[in-house]
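Visitor: 3D, please:
(chains A and B)
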Amino acid sequence: EDKVVQSPLSLVVHEGDTVTLNCSYEVTNFRSLLWYKQEKKAPTFLFMLTSSGIEKKSGRLSSILDKKELFSILNITATQTGDSAIYLCAVVGGSNYKLTFGKGTLLTVNP
Amino acid sequence: DGGITQSPKYLFRKEGQNVTLSCEQNLNHDAMYWYRQDPGQGLRLIYYSQIVNDFQKGDIAEGYSVSREKKESFPLTVTSAQKNPTAFYLCASSMASAGGQETQYFGPGTRLLVL
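Guide: Residues are numbered from 1 along each chain as shown, chains lettered A, B, ... in the order given. Purely as a prediction, here's the structure:
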């Protein structure tokens, strides 16, 4: 059975801190790994990673994939209160290329 | 504006009642998906459809049904057989389900509550 595990499940930091969110996976026929940010409603797409060692960056957020060790990290530098959200990791794989989600990391950034 | 819409925003179901959640997209995406989100559980796949007139069961299909008669529309029916339907339901679509086009984009969700 495909499995995606995120850690920590929740995290509380102060504005300006740097955080690292983890995602490990066991998926047959791996295709890609995606990160989403979910505030109140719909998850919004952040990154799609398919190759090991290539960092994807968007402003203060960055992510990298290690296909040998089967994990990805999402870094957020100089956190702001607007970064408070659930961060979801999902992996595309399996026989039908479906998405398997982790349970998410709830990040709270306090002023 | 291109996007995915879901309606209603909130839905109340009585015992023994079937209810249908709407999902429409104008992104010209081939693939559409339904997820259920419960607190602490993450998103779980109910059904998905890669092309019109075809759909497959996801991980938790029991008590649900879908149809895909049009590319733009993928309604989900929560039947009376679903014993614990209270959850947040998210619809998503992607250009395709593979080939680097599998990024899924989500609608705003429908919160279903049982009376």
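Visitor: residues from chain B in reach of chain A?
Guide: B:4, B:33, B:35, B:40-45, B:48, B:56, B:58, B:90, B:97-98, B:100, B:102-109 (CB under 8 Å from any CB of the partner chain). Placement of C-beta: from N, CA and C, glycine included.
Visitor: Who are the packing partners of the helix or strand of chain A at the bottom of the mean pLDDT ranking?
Guide: Here the helix or strand of chain A ranked lowest by mean pLDDT, DSSP states H and E is strand A:98-101, holding a mean of 86. Here strand A:98-101 is seen to pack against strand A:3-7, strand A:85-93, strand B:42-51 when contacts are counted using 3 or more CB pairs under 8 Å, 6 or more residues apart in numbering or on different chains; DSSP states H and E.
Visitor: now the helices: where do they sit in chain B?
Guide: Assigned by DSSP state H, chain B shows no helices.
Visitor: separation between the residue most central in space within chain B and chain A?
Guide: In chain B, the residue lying closest to the centroid (CA atoms, centre = their mean) is B:Trp34, at 2.7 Å. Distance of B:Trp34 to chain A, given as CB to the nearest CB, to the nearest Å: 12 Å.
Visitor: ok, now which ones touch that residue?
Guide: Listed by CB atoms under 8 Å, 6 or more residues apart in numbering or on different chains, the contact set of B:Trp34 reads B:21, B:23, B:45-48, B:58, B:64, B:66, B:74, B:76, B:89-92.
Visitor: if we can go back for a sec, quick one, which of the helices and strands packed on strand A:98-101 is nearest to A:Arg31?
Guide: strand A:85-93 (4.1 Å; CB to CB).
Visitor: what lines up beside the closest one in the sheet?
Guide: strand A:32-38 (antiparallel), strand A:98-101 (antiparallel), strand A:105-110 (antiparallel) (DSSP bridges).
Visitor: what's the second one in contact with?
Guide: Outside of strand A:98-101, the residues that reach it under the criterion CB under 8 Å, 6+ apart are A:2-4, A:25, A:27, A:34, A:88-94, B:33, B:35, B:42-45, B:48, B:58, B:97, B:102, B:104.
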